[in-house]
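K.L.:
need coordinates for the below:
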Amino acid sequence: MSVRARITLLSGVIALCVAAAAVTSWLQVRADENVKPADLYAVVECQLGDFRGGDFSHAYEYASQDIQSRYSVEQFAAMVREQYPSLTRVTHAEYGVVQTHRGRATMEVFLVCDDGGIRPCVYKLVREGDAWRIDGARLMQPWPPDVQMNETIL
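P.N.:
Sure thing, here's the model as predicted:
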């Protein structure tokens with residue numbers, strides 16, 4: 001094969017790769033536009049319900065593949081009990097700002113515990129196939145006991 005033919009072939013392969021990357025990027029942006037916040041809320045609600053009911057093995061199913069690769073079900077349950085005990089006492093959640101970008105989502109969640117306390121939290125979710133999975137949660141400082149959830153705060 002001549003040098004010119006090799007250069008032409010290589011240029012064609014590079015052009016094909018660039019086109020594939022552009023199409024993939026466009027599809028990811030379109031997918032972000034179609035994310036329904038209710039789908040994200042549902043994942044968090046299900047996992048919180050499982051925590052509340054003590055069903056850590058089912059709650060584990062809502063965790064991302066990355067989390068599941070780092071923790072066994074038993075380690076996951078121990079982590080939640082030790083580092084996030086308030087998650088087992090959540091009676092309901094209120095949702096704030098949701099941001100999505102390329103198959104990842106971040107959302108504010110205000111966790112209301114059984115004692116009436118409010119604990120802000122930032123959840124990270126990732127799209128894995130057709131499902132959203134929880135990829136992390138960062139609990140913030142609890143609100144002072146006299147602060148109530150109302151529309152002026154949100």
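K.L.:
neighbours around residue 145, how many?
P.N.:
Using other CB atoms under 10 Å, the number of residues around residue 145 comes to 10. Quick note: C-beta positions are derived from backbone N, CA and C, even for glycine.
K.L.:
and it, how far from residue 117?
P.N.:
Shown here: residue 145 relative to residue 117, a distance of 7 Å by CB to CB, to the nearest Å.
K.L.:
from the centroid of this structure, which residue is nearest?
P.N.:
With distances taken as CA atoms, centre = their mean, residue 125 lies nearest the centre of the chain, 0.9 Å away.
K.L.:
that one contacts residue 104, doesn't it?
P.N.:
Yes: Residue 125 sits in contact with residue 104 when judged by CB atoms under 8 Å, with a separation of 7.1 Å.
K.L.:
list the buried ones in stretch 75-89?
P.N.:
76-77, 80, 86-89 (16 or more other CB atoms under 10 Å).
K.L.:
cool, and stretch 114-122?
P.N.:
For stretch 114-122, a neighbour-count test (16+ other CB under 10 Å) marks 118-121 as buried.
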